[in-house]
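S.K.: here is the input, now give the coordinates:
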Amino acid sequence: MTTITIARGDCLASIAHARGFDPDTIWNHPGNAELKELRHSPHTLLPGDRLEIPPREEREETVATGSVGRFKLSVGPVKLRLRLTKLGEARADEPFELLIDHQPLITGTTDGDGWIDEVIPPHAASATLTLRDGVERYVLKLGHLDPHDSPTGVQQRLRAIGCYFGAIDGEHSALTIAALRQFQTKAGLEANGEADESTLTALRDACGC
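M.R.: Predicted coordinates for the structure are as follows:
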């Protein structure tokens, strides 16, 4: 059994791909039961989390002499999913270009709710999103989103939806409290400035993760 410590930019998909596993095989391993209960989603792990990598299991298959045996590793697609908004409104049917590492350029349009949902390589580390024929360009760090219920994860999501523009430092500062109140007001929640359970759930749903 191998235990690895999650670093900034690590994600389960890239870890599994590098070791020849289906991500679900690692995530559902009994050695990760405590982490699974803590984080809920395998897509947002926190630096410092410890992930158990199970040993590979050998399997014998019978193949007739002179024949060709083909074996395929079945791994589900890895997707980049993000929502574009402007002043709280979805940027629906908006043309975009997405360049992921050195892969062929992806072009498309957002859906009616402003979502981009594209299959990406499991080892992808960064992407460049271009809108409005190059007027807007954003560099995306893939695998850097912290869990929704962590202090830094709360700040990251508040920033993503345009409520917070301070440092991602995990501090419950005046800026963070003001951003939480702004979001809570928009979401129809009590504007108490606290990252309580209902706020965390609404924030996760607003960002899709």
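
S.K.: where in the protein is pLDDT low?
M.R.: 71-76 (pLDDT under 70).

S.K.: leaving out chain neighbours, which residue sits closest to the residue most central in space within it?
M.R.: Centroid-nearest residue in the chain, with Cα atoms, centre = their mean: His43, separated by 4.9 Å. Distances taken as Cβ to Cβ, 6 or more residues apart in numbering put Cys209 closest to His43, at 6.1 Å, once the chain neighbours are dropped. Any C-beta I mention is one placed from the backbone N, CA and C, and that applies to glycine too.

S.K.: which SSE is immediately downstream of the biggest helix by length in the chain?
M.R.: What stands out as the longest helix in the chain, according to DSSP state H, is helix 174-187. Following helix 174-187 in sequence order, the next helix or strand is helix 197-207 (DSSP states H and E).

S.K.: centre of the chain to that following helix, how far?
M.R.: In this view, helix 197-207 has its centroid 15 Å away from the chain centroid, taken as Cα atoms, centre = their mean, to the nearest Å.

S.K.: which residues does that helix contact?
M.R.: 83, 148-149, 154, 157-158, 160-161, 180, 183-184, 187, 189, 195 (Cβ atoms under 8 Å, 6 or more residues apart in numbering).

S.K.: who are the contact partners of the residue nearest to His43?
M.R.: Shown in contact with Cys209 (Cβ under 8 Å, 6+ apart): 41, 43-44, 81, 145, 148.

S.K.: max pairwise distance over those: which two?
M.R.: Taking Cβ to Cβ as the measure, those span a maximum distance of 14.2 Å, between Arg81 and His148.

S.K.: tell me which of the two has more neighbours.
M.R.: Using other Cβ atoms under 10 Å as the criterion, Arg81 and His148 rank with His148 on top: 21 against 13.

S.K.: give me the nearest residue to the more buried one, chain neighbours excluded.
M.R.: Nearest to His148 is Arg204, by Cβ to Cβ, 6+ apart, at 4.1 Å.

S.K.: could you do Val119 as well?
M.R.: Closest to Val119 by Cβ to Cβ, 6+ apart is Pro77, at 4.6 Å.

S.K.: cool, Thr2 as well?
M.R.: Using Cβ to Cβ, 6+ apart, the closest residue to Thr2 is Ile53 (4.2 Å).

S.K.: what does Arg91 give?
M.R.: Closest residue in space to Arg91, ignoring its immediate chain neighbours: Leu84 at 4.0 Å, by Cβ to Cβ, 6+ apart.

S.K.: any buried residues in the longest helix of the chain, and which?
M.R.: Under the neighbour-count criterion of 16 or more other Cβ atoms under 10 Å, helix 174-187 has 175-176, 178-184, 187 buried.
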